[in-house]
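# 3D, please:
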Amino acid sequence: MGTARNATKPNSRAHRRPPQLASRAALVDLPASGCDLPVPDLPAGREWTGDDRARWEELWQSPQAVMWDDTARGTVAVLLVYEAAVLADSASAWQAQEARYAAEALGLTPKAMASLGWRIVGDH
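Residues are numbered from 1 along each chain as shown. This next block holds a predicted model:
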């Protein structure tokens, strides 16, 4: 049998939140109208198509983009490359998986938004 909890100790389990509540932080509301910050330039080192450029603009104007900073540029660029391969039906399995990981890292899936505590709300 385990020892009794000592509620006088600051790290006691008596002071911990149950696991189902530990992940429940305040939600961050993202504007449904999207991000109105300037769209960064596409990274150099590759010829970007018109479709790539349109998708780049779309992603940087999404509601999730209000939570990104310039460090997200590489992830967004990689997502474009992987998405293009998936849509052209030329992606390998690992490229498709990496596309999913990139989308989740950017909060672009419902599951990722829930885990990040983000929700899209309409303008009031």
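
# ramachandran coordinates for the residue nearest the centre of the chain?
Closest residue to the average C-alpha location of the chain: G107 at 2.0 Å, with Cα atoms, centre = their mean. Per-residue torsions, G107: phi 70, psi 30 (degrees, to the nearest 10).

# what strand or helix carries R119?
Using DSSP states H and E, R119 sits within strand 118-121.

# spit out the contact partners of the residue nearest to the centre of the chain.
64, 67, 113, 116, 118 (Cβ atoms under 8 Å, 6 or more residues apart in numbering). Just so you know, the C-beta spots here come from the backbone N, C-alpha and C atoms, and that holds for glycine as well.

# show me the contacts for the third one.
Applying Cβ under 8 Å, 6+ apart, one finds that M113 lies in contact with 64, 107, 119-120.

# so it belongs to a strand, correct?
No: assigned with DSSP: H, G, I helix; E, B strand; the rest coil, M113 falls outside any strand and is helix.

# how far away is it from L59?
Distance, M113 to L59, by Cβ to Cβ, to the nearest Å: 14 Å.

# do the last one as well
Between W118 and L59 the distance, using Cβ to Cβ, works out to 15 Å.

# more crowded one of these two?
Set side by side, W118 and L59 show more neighbours around L59, with 23 against 17, by other Cβ atoms under 10 Å.
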